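> Sequence plus predicted model, see below.
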Amino acid sequence: MKNISMARDYANRAERIMDEAENALSNGDAAISVRRTQEALELAAKAVLRRLAIEYPREHDVSEALEAVSQRLPDYLKTRVDEIKVMLVELAKVRGPAFYGYEAEGIPASQAFTREYAAETLGKTKPLVELCVRFASE
């Protein structure tokens, strides 16, 4: 019961964070949109793992853990695990720069990400978050 409750909480928060990503994009903050998109997908993927009572790694990219349990997932989610993995890996790489920028190069986060990249990332990630949330909330 504890895992189900935790998974549902993660799922609810992932949805709220995705709303924040959309709001940031509509307000012209591509970097925060990218960061929140990453956070939403990470939390949604961890909700899936928590729902399965899997102790996930304490890192931002949980793609390997998700792949390891993919056969235990319903078809609607299992068929999208590869897409989720790709986005988890990509977004984990830009998580820091989306918040801090590229400090060594002197590029602030507000200049490091384009609106187009943020919109594309959001568009690819939102349906994946929704699928994870669906499973975690069942």
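That came in fine, so what should we check first?
> In the protein, where's the longest helix?
Using DSSP state H, we find that the single longest helix of the chain is helix 2-26.
> and Pro57, how many neighbours does it have?
12 (other C-beta atoms under 10 Å). Glycine gets a C-beta too; all of them are placed from N, C-alpha and C.
> Mind pulling up the pLDDT for it?
Note for Pro57: predicted pLDDT of 73.
> Report the contact partners of it.
64-65 (C-beta atoms under 8 Å, 6 or more residues apart in numbering).
> where does it land in three-state SS?
coil (DSSP: H, G, I helix; E, B strand; the rest coil).
> Distance check, it against Ile4.
21 Å (C-beta to C-beta, to the nearest Å).
> now swap in Leu88 and tell me
Counting by C-beta to C-beta - Leu88 and Ile4 are separated by 23 Å.
> cool, Lys85 as well?
Relative to Ile4, and taking C-beta to C-beta, Lys85 is found at 24 Å.
> Which residue of the two possesses the greater neighbour count?
The neighbour comparison of Lys85 against Ile4 (other C-beta under 10 Å) goes to Lys85, with 19 against 14.
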